[in-house]
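1. starting from these lines, generate the structure:
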Amino acid sequence: MESRVLKFAAASLAAVFFSAAAPAFAGEPETNADGEMERRNRNALLGGGLLVGWYGATHWWKDGLTGNFRTAGEGWFGPDTYAGGADKMGHLFIGYAGTRLMARGFESLGNSPDEALWLGAATAFGTLLAIETVDGFSTKWRFSPEDLIMNAAGAGLGIFLERSPQLDRLLDFRMMYRPSRTGGSGFDPVGDYSGQTYLLVAKAAGVSAMNQSAPLRYLELAVGYGSRGYGDMPAAQRDRRIYVGVSLNLSGILDDTLFRQDRNSSAARATRMALEFFQVPGTAAALSTHSF
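-> Numbering: from 1, shown residues only. Alright, predicted model coming up:
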């Protein structure tokens, strides 16, 4: 079965390609008249929409559409669900990362921060809603209420942290991927659920008192979730895991070492953006793991 999260991840990344790259490599946004700004926003939305529509028609819905709208209850985090809840965490993450990346992209086009945030959230969630809706009419797929709820929750989390700078300095929501033995297709960070771990990270650098100490500010407290052994593995080999551990603030370390001379360079900004959403394997260690 094709990865449901893969579909949404590909769509989200396709729709926000312009926004993911722009804030890292563009300079300060130009001041534009209202008409020019509307044109830029419209062109960005139209281009992303056409790209997603083309990809969907040639990959996801190539088996055709029906005249009936069909839904499927996939469950949440139960042991007998498709991926033990890892797919639902994936939808949460895609809604969250898509919202924040799009917001930065729209801001780089010249929108105000507030306008960019709401445009980003509406575009991220709207893209996912449109794909889920077409799935309901497709021959192969079904509309999943659970997926839609997690998409909305992810977008809401993105809005919340974008509007809460102090809390945003303290918390990150990241995905960590290490290829699993049950992945079956090599390096597949989106479809290999058994290799994914989703982490909510509290950064010492986000606490004023701790940020003053060079070694201490590189530490983080992480709480994570992942499922293992789902897919074609026997039920006895499947489990869901909750992690509590520590991780390294790799972005802070690189800022103080590799990028110390120019923290505003394109490479530094691009690296910080990537490390805000993805945890590099080997930089997090579990102090406690609960399997169930």
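2. so where's the stretch 1-150 of the chain uncertain?
-> 1-34 (pLDDT under 70).
3. could you pull out the helices in it for me?
-> Listed in chain order, the helices of the stretch 1-150 of the chain (DSSP state H, counting those that start in this stretch) span 4-15, 17-25, 34-55, 86-108, 113-137, 145-162.
4. highest mean neighbour count out of these?
-> For these, the largest average neighbour count (mean count of other C-beta atoms under 10 Å) is found in helix 86-108, namely a mean of 26. For glycine as for every other residue, the C-beta is placed from the backbone atoms N, C-alpha and C.
5. what about it, distance to the chain center?
-> On the basis of C-alpha atoms, centre = their mean, to the nearest Å, helix 86-108 sits 5 Å off its chain's mean C-alpha point.
6. tilt between that helix and helix 113-137?
-> Interaxial angle of helix 86-108 relative to helix 113-137 (axes from the mean of the first three to the mean of the last three C-alpha atoms, to 10 degrees): 140 degrees.
7. relative orientation of helix 86-108 and helix 34-55 in degrees?
-> Using the same axes, to 10 degrees: helix 86-108 against helix 34-55 is 150 degrees.
8. tilt between helix 86-108 and helix 145-162?
-> Helix 86-108 runs at 40 degrees relative to helix 145-162, counting by the same axes, to 10 degrees.
9. send the alpha carbons of helix 86-108 over as PDB?
-> Extracted as PDB, the C-alpha positions of helix 86-108 are listed here (Å, rounded to 0.1, in the frame of the first residue of the first chain):
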ATOM      1  CA  ALA A  86       3.100   7.100  13.200                       C
ATOM      2  CA  ASP A  87       1.100   8.100  10.100                       C
ATOM      3  CA  LYS A  88      -1.000  10.400  12.200                       C
ATOM      4  CA  MET A  89       2.100  12.000  13.700                       C
ATOM      5  CA  GLY A  90       3.300  12.400  10.100                       C
ATOM      6  CA  HIS A  91       0.100  14.300   9.200                       C
ATOM      7  CA  LEU A  92       0.600  16.500  12.400                       C
ATOM      8  CA  PHE A  93       4.100  17.200  11.400                       C
ATOM      9  CA  ILE A  94       3.300  18.000   7.700                       C
ATOM     10  CA  GLY A  95       0.600  20.400   8.800                       C
ATOM     11  CA  TYR A  96       2.900  22.100  11.200                       C
ATOM     12  CA  ALA A  97       6.000  22.300   9.000                       C
ATOM     13  CA  GLY A  98       4.000  23.200   5.900                       C
ATOM     14  CA  THR A  99       2.400  26.100   7.800                       C
ATOM     15  CA  ARG A 100       5.600  27.500   9.100                       C
ATOM     16  CA  LEU A 101       7.600  27.100   5.900                       C
ATOM     17  CA  MET A 102       4.800  28.700   3.800                       C
ATOM     18  CA  ALA A 103       4.500  31.600   6.300                       C
ATOM     19  CA  ARG A 104       8.200  32.300   5.900                       C
ATOM     20  CA  GLY A 105       7.900  32.000   2.100                       C
ATOM     21  CA  PHE A 106       5.000  34.500   1.900                       C
ATOM     22  CA  GLU A 107       6.900  36.900   4.200                       C
ATOM     23  CA  SER A 108       9.900  36.700   1.900                       C
END
